[in-house]
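Novice: what's the 3D shape of this:
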Amino acid sequence: MAESAPGRISVIIANYNYGAFVGQAIESALALDWDDVEVIVVDDGSTDDSREVIARFEDRVTVLHQENATQRVARNRGYAVSTGDVVIHLDSDDVLFPELPHELARVWRPGISKVQFQMLRIDEDGQSLGSVFPHFREEPTPEQVRAWADRTSAYPTPPGSGNAYSRSLLDRIFPLDDSCGAATDSACLAVAPFLGDVVTVVRPLVGYRVHGSNTSDLVVDLGKFPRAVERARQRYEYSSRVRGVRPDARHRPLRRSRPLLELRVASYRVRREDRPIPGEGFSRLLWDILRSPVHTGPESALKRAQVLTWSLLTLVSPTWLALRLVHLRFRRDRPLLVGRVFGSDAATRRPRLRTRS
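Specialist: Purely as a prediction, here's the structure:
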């Protein structure tokens, strides 16, 4: 174990109406194999039995209650009272595996912004579904992650629960404003490569629960495509502001991202009137598609060819065929498009904490 191993680990759980799962999330945090773990639960105005479930743990965790105000506000409150050297924002339907702290300590050192872990898909009962994500051809170095994020605004990363952040990183961006939306994943993931080293542990140490309430079908709500692209633009501009650099006026880093390219093409074909990226149109998309294989990134040559082929066919096909291709690419039973657009709803197919309409 490294001499610079972290001391206290803070696990912050923001919950809204996940009474069926939040107890297991809390239990998993309390079961971490580490001497100093602080668990903070913020209930965001739940209307189910969440508060009764959380109350069972009040003698072992810090519990905060608030009116429904979004995940971002809940996480801000939780972070404000946390004291850990390392912070994990655990979604209330996910679980941590007991050995996670020791894997964290094995790689921890000064200068790290976050350590990211693979996630194991589990069902509603917590049983393994037999697959993990993100998939890595090889363990990326911090330098590779930083280069990918700088050149393409994206890098392979799990969503929120799969990341352990250094307090030195989070102190620079918390409390979060609404420039990246209601979720906390986006801002944290977007800036991590530029405010320290992102270290990857290629081992599943977090359970990502797949259930009826956290799946979404992009082809049912076609408005999700332009919203996903808009959030990617917001994240890019946010990370640029935090880094103290001027965003590229032509949004070239966004245009080099292959996962985002597929969402951009889908957005253009299903909601052409929405233009989340200024100047978006047929000619620009065609140019970006043809150049997409040469840009840096972790994708294999085969994956790059697949992105080019699907994007080109979808862009130039008649409307009926383009919609069919979008459906085939983003239907509910497709594998998760994890993380390389920084944990957006479209990328993770996980809804964020809901708010009152």
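
Novice: ok, which stretches of the stretch 151-300 of the chain are helices?
Specialist: In the stretch 151-300 of the chain, the helices defined using DSSP state H, counting those that start in this stretch lie at 167-170, 185-191, 224-243, 252-255, 258-270, 282-291.

Novice: What does residue 37 show for phi and psi?
Specialist: When quoted as degrees, to the nearest 10, the phi and psi of residue 37 stand at phi -120, psi 130.

Novice: okay, now it: neighbour count?
Specialist: 19 (other CB atoms under 10 Å). Just so you know, the C-beta spots here come from the backbone N, C-alpha and C atoms, and that holds for glycine as well.

Novice: in the stretch 201-350 of the chain, what spans have low per-residue confidence?
Specialist: In the predicted model, the stretch 201-350 of the chain carries pLDDT under 70 at residues 213-220, 332-350.

Novice: 90 - rerun?
Specialist: 211-224, 271-275, 330-350 (pLDDT under 90).

Novice: The helices of the stretch 151-300 of the chain: which one's closest to residue 326?
Specialist: Closest to residue 326 of those is helix 258-270 (CB to CB; 4.8 Å).

Novice: Name the nearest residue to residue 325, sequence neighbours excluded.
Specialist: residue 314 (4.5 Å; CB to CB, 6 or more residues apart in numbering).

Novice: next structured bit after the strand or helix carrying that neighbour?
Specialist: Taking DSSP states H and E as the definition, residue 314 sits inside helix 301-316. Moving toward the C-terminus from helix 301-316, the next helix or strand (DSSP H and E) is helix 319-330.

Novice: who does that following helix touch, helix- and strand-wise?
Specialist: helix 258-270, helix 301-316 (3 or more CB pairs under 8 Å, 6 or more residues apart in numbering; DSSP states H and E).

Novice: Taking helix 224-243 as reference, get the angle to the first one.
Specialist: Using axes from the mean of the first three to the mean of the last three CA atoms, to 10 degrees, the interaxial angle of helix 258-270 with respect to helix 224-243 works out to 140 degrees.

Novice: Dump helix 258-270 to PDB, keeping only the CA atoms.
Specialist: Extracted in PDB, the C-alpha atoms of helix 258-270 (Å, rounded to 0.1, in the frame of the first residue of the first chain):
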ATOM      1  CA  ARG A 258     -16.500   9.800 -32.400                       C
ATOM      2  CA  PRO A 259     -19.200   8.900 -29.800                       C
ATOM      3  CA  LEU A 260     -20.500  12.500 -29.900                       C
ATOM      4  CA  LEU A 261     -20.500  12.400 -33.700                       C
ATOM      5  CA  GLU A 262     -23.100   9.600 -33.700                       C
ATOM      6  CA  LEU A 263     -25.300  11.600 -31.400                       C
ATOM      7  CA  ARG A 264     -24.900  14.700 -33.600                       C
ATOM      8  CA  VAL A 265     -25.800  12.800 -36.700                       C
ATOM      9  CA  ALA A 266     -28.900  11.300 -34.900                       C
ATOM     10  CA  SER A 267     -29.900  14.700 -33.700                       C
ATOM     11  CA  TYR A 268     -29.600  16.200 -37.100                       C
ATOM     12  CA  ARG A 269     -31.800  13.500 -38.700                       C
ATOM     13  CA  VAL A 270     -34.500  13.400 -36.100                       C
END
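
Novice: report the angle between the axes of it and helix 301-316?
Specialist: Angle between the axes of helix 258-270 and helix 301-316 is 20 degrees (criterion: the same axes, to 10 degrees).

Novice: Surely the residue nearest to residue 325 and residue 265 touch.
Specialist: Yes. The pair residue 314 / residue 265 is scored as a contact, 5.2 Å apart, by CB atoms under 8 Å.

Novice: Need the residues touching each of the two.
Specialist: Listed as contacting both residue 314 and residue 265 by CB atoms under 8 Å, 6 or more residues apart in numbering is no residue at all.

Novice: how deep is residue 98 tucked in, by neighbour count?
Specialist: So residue 98, with other CB under 10 Å, has 12 neighbours.

Novice: Ok, residue 257 next?
Specialist: 27.

Novice: ok, back up a step: pick the most buried one from the helices and strands packed on helix 319-330.
Specialist: A comparison of these by mean neighbour count, using mean count of other CB atoms under 10 Å, puts helix 258-270 on top with a mean of 25.

Novice: helices or strands next to that one in the packing?
Specialist: Judged by 3+ CB pairs under 8 Å, 6+ apart, helix 258-270 is in contact with helix 224-243, helix 282-291, helix 301-316, helix 319-330.

Novice: Residues contacting the helix holding residue 314, please?
Specialist: Counting by CB under 8 Å, 6+ apart, 258, 261-262, 265-266, 268-269, 282, 285-286, 289-290, 292-293, 297, 299, 321-322, 325-326, 329 sit against helix 301-316.

Novice: For it, output the C-alpha coordinates as PDB.
Specialist: Output of helix 301-316 as PDB, limited to C-alpha atoms (Å, rounded to 0.1, in the frame of the first residue of the first chain):
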ATOM      1  CA  ALA A 301      -9.600   0.700 -36.200                       C
ATOM      2  CA  LEU A 302     -12.700  -1.500 -36.500                       C
ATOM      3  CA  LYS A 303     -14.700   0.700 -34.200                       C
ATOM      4  CA  ARG A 304     -13.600   3.800 -36.100                       C
ATOM      5  CA  ALA A 305     -14.800   2.200 -39.400                       C
ATOM      6  CA  GLN A 306     -18.100   1.300 -37.800                       C
ATOM      7  CA  VAL A 307     -18.700   4.900 -36.600                       C
ATOM      8  CA  LEU A 308     -17.800   6.200 -40.100                       C
ATOM      9  CA  THR A 309     -20.100   3.700 -41.900                       C
ATOM     10  CA  TRP A 310     -23.100   4.200 -39.600                       C
ATOM     11  CA  SER A 311     -22.700   8.000 -39.500                       C
ATOM     12  CA  LEU A 312     -22.400   8.300 -43.300                       C
ATOM     13  CA  LEU A 313     -25.300   6.000 -44.100                       C
ATOM     14  CA  THR A 314     -27.500   7.800 -41.500                       C
ATOM     15  CA  LEU A 315     -26.600  11.200 -42.800                       C
ATOM     16  CA  VAL A 316     -27.300  10.600 -46.500                       C
END
